[in-house]
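Colleague: I would like the atomic coordinates for the input below:
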Amino acid sequence: MKRVISFILIISVVFLTTVSSVYAENRTGTVPDGGSLPADASSTGAALPDELPADTGLPGNPSHSGKRNAAGEPDGGRRLENIDFFTDGLYETVNISAPGFTDYYITELADPARIVIDLVDLDVPEGQGIIRTDGAYVKRIRYAQFTERIARVVLDVNEGYDFSIVRTDTGLTAYVREHPAPEELRKDGVIPLGPEYGISASGHGMDETVTIALGGYDGYSISRRTDPERLVVTIPEAYVSSGAKRFDYGGERISSLEYAAAGRSGAEITISLNAQFRYRAELSDGKLVISFSWPTYKNIIYHNSGDRIYFLIKNAALTKGTKDLKPLYTASADESGRVWTVTFPSQNADLGEGVLDINDEYLESFEVKNNGDGTTSLIFTGRRGNSYLVYTRDSGDTAITVVRPARKDQRIVVIDAGHGGTATGARYGDLYEKDLNLDIARRLESLLKSKGVQTYMIRSDDSNVDNYERAYIANMLGASLYLSIHNNAAGKSSVKGTMTLCYPSTKSGFTGRQFAQIIQERMVAALKTTDLKVRLRPDLIVLRETYMPAALAEVAFMTNRQDRENLRNGSFRQTAAEALCGSVMEALEKIA
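Modeller: The predicted model follows:
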């Protein structure tokens, strides 16, 4: 049986004397949560207690000024007119009638649990009040004129709740229910977002689809992410907002579905896939339906999980040589600078034909086209400012890296975690140099980013990158510094300590040798390791072929017991990263 509580604000208001006294305690401009009220809060009094987080996220300059007209109403007569509560057994529904409000913000707060809804440019005629509901999840509804511009509605809820907020023609509707368990979501194949809204997966194999029912889809976009494979659907202005949810679908193509709110009223749906499938999206009956199919091209995988954005093409010969790199292709760009085409003899690579939609920060799409004359073209439709490095590795595979060269006002630091993939570097038992190098590199990246330094990781995972390829990427980037991170090994287990390598450059200005000296001094001082000094290495490709100051840090020896035990310790690797960070910061100051 449906239970309904209707509350007409312009006719009657329910007050509790205890509430008024609590409100009065908070007119000083601070709240028990530790947040501060907006600057205009004191002009209206009646601030709800304990609801404002430290950062409200409220707009600094909303579209409505909050000024009153001659009738004492906000300009345009925007007012909170009515709040209804009812339950149908599954959802407890709160209808907020507030025609004309310009924006809204939703915040979940804990201890006690509550959902805070701020409606911008809205007047509460009676100032404040409480509605008792005694629902299974919604215990009561509080409302007040929080600031001159903002009406606040608070749903006090019991633990274990789930909610969705839907924008309607006349205001907002909140649906509150028991939080569904992941097993329930998987069984039903649906992320519920209210009686009429949700995200579902259905079908098997080639018939698997994702259906998104969120009411509005204006300006939606679908972008591809890799490692792991997934599509991210972003809807800037969905009709629904809710808490994050996900479930494992376990299909042949769809692995899982995940929903999260994006901004104030947007949605982000992540579709995890089991392979790099193509997709097709179409609007049908007010829903966005996405289906999946295998690419018609072959032997090509796109990677965009780290700084290095690249295509790996299996068994493709598109360049020859290393230091004297010779292209086995012709390249051209259109007038817009957005479309770049590589054409080569079809016999150099067995690729078939097809298109991959990407829509990330670098590329819109990628196409393999058979030209019918014995040649094949790779067509990259991307963003302005892209450059492309084509490099055929010793393995016979070709990597095409998408590079965004530095602007004149940019300084990029390249972090090169040595080795990777099948190139393991030194090894001692279960300890691999490639893993140690990557761990320290990631720590360094995090430290530098926290200081506002723009970094570029040659590899962010356990993947192969040839040495000449590393140098050519750094050069195409126009990086300011190049730092390669390694660990050492020796035939004698007694050899231990730290050394830094550089190329014996004769260039003027700040050099790799100076960079190496800074690194060596800081590393030894921080790690308390044996000082093996700076050493000149004219034979190392990444030091010799890079145009910017470059150095290679050999942190410690894996073959020495003391050094090895240090390297197994995360705090030692963190200290190494901090010393390298300080070295980079000092070097950047000297370059400036």
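Colleague: buried sites along stretch 379-392?
Modeller: Buried residues in stretch 379-392, defined by neighbour count with 16 or more other CB atoms under 10 Å: 379-382, 386, 388-392. Bear in mind the C-beta positions are built from the backbone N, C-alpha and C, glycine included.
Colleague: Those residues in strands, which ones?
Modeller: Secondary structure from DSSP state E places 379-382, 388-392 of these in strands.
Colleague: Closest one to residue 370 out of the residues you listed, please.
Modeller: If you rank these by distance to residue 370 using CB to CB, residue 379 comes first, at 11.8 Å.
Colleague: The residue lying closest to the closest one once chain neighbours are set aside: which element?
Modeller: Leaving aside its chain neighbours, residue 379 sits nearest to residue 367 (4.2 Å; criterion: CB to CB, 6 or more residues apart in numbering). Assessed by DSSP states H and E, residue 367 sits inside strand 363-370.
Colleague: List the pairing partners of that strand within its sheet, with orientation.
Modeller: If you go by DSSP bridges, strand 363-370 pairs up with strand 354-357 (antiparallel), strand 375-382 (antiparallel).
Colleague: quick one: which of those strands is nearest residue 124?
Modeller: Distance to residue 124, taken as CB to CB, is lowest for strand 354-357 among these, at 47.6 Å.
Colleague: What is the burial count for residue 248?
Modeller: Other residues near residue 248 come to 16 when the count uses other CB atoms under 10 Å.
Colleague: For the nearest residue to it once chain neighbours are set aside, give me its contacts.
Modeller: Nearest residue to residue 248 in three dimensions, chain neighbours excluded: residue 256, at 4.7 Å (CB to CB, 6+ apart). Shown in contact with residue 256 (CB atoms under 8 Å, 6 or more residues apart in numbering): 246-249, 271-272.
Colleague: if we can go back for a sec, how far off centre is the strand holding residue 367?
Modeller: 25 Å (CA atoms, centre = their mean, to the nearest Å).
Colleague: And for stretch 146-159?
Modeller: Averaged C-alpha coordinates place stretch 146-159 at 30 Å from its chain's average position (CA atoms, centre = their mean).
Colleague: List just the nearest of the contacts of residue 256 to residue 535.
Modeller: Taking CB to CB as the measure, residue 535 lies nearest residue 272 of those, at 46.8 Å.
Colleague: So which residues make contact with the lengthiest helix in the chain?
Modeller: Secondary structure of the chain per DSSP state H: the longest helix is helix 570-591. Helix 570-591 is contacted from outside by 411, 413, 436, 439-440, 443-444, 447-448, 451, 453, 480-481, 483, 485, 510, 514-515, 518-519, 522-523, 525-527, 549, 553, 555, 566-567, using CB under 8 Å, 6+ apart.
Colleague: Look up how far residue 557 lies from the nearest residue to residue 561 once chain neighbours are set aside.
Modeller: In space, and not counting its chain neighbours, residue 561 is closest to residue 493: 6.8 Å by CB to CB, 6+ apart. Taking CB to CB, to the nearest Å as the measure, residue 493 falls 8 Å from residue 557.
Colleague: Give me the more crowded residue out of those two.
Modeller: residue 557 (29 against 15).
Colleague: Pretty sure that one sits against residue 494.
Modeller: No: here residue 557 does not reach residue 494: they are 9.5 Å apart, not a contact under CB atoms under 8 Å.
Colleague: Distance of the closest residue to residue 229 other than its chain neighbours relative to residue 362?
Modeller: Nearest residue to residue 229 in three dimensions, chain neighbours excluded: residue 273, at 4.4 Å (CB to CB, 6+ apart). As judged by CB to CB, residue 273 and residue 362 stand 20 Å apart.
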